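Enquirer: Build the 3D model from these lines:
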Amino acid sequence: MKYSVGLDIGGTKCAVSMGAVTADGIEIKVREEFPTAGRSWQGVCATYVDRIQKLQENFEIANIGISCGGPLDSKAGLIQSPPNLPGWDDVPIVQYFKDQFNVPVHVQNDANACALAEAKYGAGKGARNVVFMTFGTGLGAGLVIDGKLYSGTNDNAGEIGHIRLAPRGPRGYNKDGSAEGFCSGAGIARLAGIRARELEMEYAASESAAKARAGELTTKDIFGHVRAGDPFCTRVFKESAEKLATILAYTIDILNPEVIVLGGVFMRNADLFMAEISPILEREALPGALKVCRIVPAGLSENIGDYAALAVANM
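Expert: Next up is the predicted model:
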């Protein structure tokens, strides 16, 4: 039996997975991680080669899929200076692995890769029009339209994190007040710091606000406090949720999807978000488009990065 290999390249860690991919799903046989930080692209790729060669001792490899944060050129097979991968400038990643293993190799940005995986095997299975939103370290979207991945003229489709939602606000995607600033793991923590400083007198007795002012409050902490009823963190969360509802309404009105799948922070706190965004969407989105659109957490859960890279291998 032939197997697919998926390479999930991140700024902190990389993962290699091997699985059997069929029309019914993906069965992951092997998965390993290793750190990325401080290493050159040549060093990271050499580690990948070593891992794949070890797999080849016992398995026949049919193809390789690579999922990586953008920007990149999927047609030319280049990784083009992602902000979380310093020094990865026009890296010929596809040709590198083709030369090493003489099998088909494909690369996609992580949002597109996750959209493929969720549309084929996850929460969007069976739908023709699926949007996936990362809502992790950043905010990006992958678009599957009429059953096909849509990446735009030069792989820049779906960069919703760059849309400015307010003239002032947390910085994300190099823009103050951007969707990524309000709706990402890093952005929500920054939003808490901004509001804690602006509202210092109102929340003078708040321990969570004090930690936010000191830069010691993580997004995970914020949601723990929300569930415990903390007023300051609840205020921060509601602001993020309102901005998320805005970007979801734009997406529903423009693309008319059947399913919007969200990963990361939303996936882990879907109950909280849905309670906040549902009434806003009822007010802001086109009723006919909203009626046919489901908004759901990622069905592939925390393993979505592995499934995404394997889905890319079988594009």
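Enquirer: how near is K238 to V226?
Expert: 9 Å (Cβ to Cβ, to the nearest Å). Using the backbone N, CA and C atoms, a C-beta is placed for each residue, glycine as well.
Enquirer: Contacts only, for the closest residue to N314 other than its chain neighbours.
Expert: In space, and not counting its chain neighbours, N314 is closest to V21: 4.9 Å by Cβ to Cβ, 6 or more residues apart in numbering. Neighbour list for V21: 4, 310-311, 313-314 [criterion: Cβ atoms under 8 Å, 6 or more residues apart in numbering].
Enquirer: if we go to 6 Å?
Expert: 4, 310, 314 (Cβ atoms under 6 Å, 6 or more residues apart in numbering).
Enquirer: swap in T12?
Expert: T12 touches 36-37, counting by Cβ under 6 Å, 6+ apart.
Enquirer: Got phi/psi on it?
Expert: Dihedral pair for T12: phi -100, psi -40, per degrees, to the nearest 10.
Enquirer: Do you know the pLDDT at it?
Expert: Note on T12: pLDDT of 82.
Enquirer: roughly how far apart are it and K220?
Expert: Relative to K220, and taking Cβ to Cβ, T12 is found at 15 Å.
Enquirer: And K238 and V226? Which one has more around it.
Expert: V226 (20 against 13; other Cβ atoms under 10 Å).
Enquirer: Would you map the helices across the protein?
Expert: 41-56, 93-101, 110-121, 179-182, 185-198, 207-213, 219-227, 231-255, 264-268, 270-284, 287-291, 304-313 (DSSP state H).
Enquirer: I'd like these written out as CSV, with distance to G87 added.
Expert: Shown next, in CSV, are those (distance: least, Cβ to Cβ, whole Å):
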stretch, distance to G87
helix 41-56, 6
helix 93-101, 13
helix 110-121, 19
helix 179-182, 23
helix 185-198, 21
helix 207-213, 33
helix 219-227, 28
helix 231-255, 32
helix 264-268, 26
helix 270-284, 36
helix 287-291, 43
helix 304-313, 21
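Enquirer: can you list those helices in TSV and add mean pLDDT and distance to F34?
Expert: As requested, the helices of the chain are exported to TSV (pLDDT from 0 to 100; distance: least, Cβ to Cβ, whole Å):
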stretch	mean pLDDT	distance to F34
helix 41-56	94	6
helix 93-101	96	16
helix 110-121	94	18
helix 179-182	95	27
helix 185-198	95	22
helix 207-213	94	33
helix 219-227	96	24
helix 231-255	97	33
helix 264-268	95	22
helix 270-284	97	31
helix 287-291	97	43
helix 304-313	92	14
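Enquirer: which stretch among the ones you listed comes nearest G172?
Expert: helix 179-182 (3.0 Å; Cβ to Cβ).
Enquirer: helices and strands around the closest one, which ones?
Expert: Using 3 or more Cβ pairs under 6 Å, 6 or more residues apart in numbering; DSSP states H and E, the elements in contact with helix 179-182 are strand 171-172, helix 231-255.
Enquirer: now with 8 Å?
Expert: strand 171-172, helix 185-198, helix 231-255 (3 or more Cβ pairs under 8 Å, 6 or more residues apart in numbering; DSSP states H and E).
Enquirer: need the contact list for the nearest residue to E60 once chain neighbours are set aside.
Expert: Excluding its sequence neighbours, the residue lying closest to E60 (Cβ to Cβ, 6+ apart) is K2, at 4.9 Å. If you count contacts by Cβ under 8 Å, 6+ apart, K2 has them with 60-62.
Enquirer: P170 now?
Expert: By Cβ under 8 Å, 6+ apart, the neighbours of P170 are 176-177, 181-182, 187-188, 190-191, 194.
Enquirer: cutoff 10 Å now
Expert: 176-178, 180-184, 186-195, 239-240, 243 (Cβ atoms under 10 Å, 6 or more residues apart in numbering).
Enquirer: same thing with G65?
Expert: Each residue near G65 by Cβ under 10 Å, 6+ apart is listed here: 4-8, 17, 21, 97, 104-108, 113, 116-117, 308-315.
Enquirer: Let's see that with 6 Å instead.
Expert: Contacts of G65 (Cβ under 6 Å, 6+ apart): 6, 106, 309-310, 312-313.
Enquirer: How about F223?
Expert: N269.
Enquirer: quick one: it from E180, how far?
Expert: Using Cβ to Cβ, one gets 18 Å for the distance from F223 to E180.
Enquirer: What segments of the stretch 1-150 of the chain are strands?
Expert: 2-9, 13-22, 25-35, 60-68, 72-73, 78-79, 105-109, 130-133, 141-145, 148-150 (DSSP state E, counting those that start in this stretch).
Enquirer: Quick check: D90 touching L78?
Expert: Yes. Counting by Cβ atoms under 6 Å, L78 is a contact partner of D90 at 5.3 Å.
Enquirer: Settle it for me: which of the two has more neighbours?
Expert: L78 (20 against 12).
Enquirer: Mind listing the residues bridging to the closest residue to I295 other than its chain neighbours?
Expert: Distance criterion Cβ to Cβ, 6+ apart; nearest residue to I295, sequence neighbours excluded, is I260 at 4.9 Å. Counting by DSSP bridges, I260 is bridged to V131, I295.
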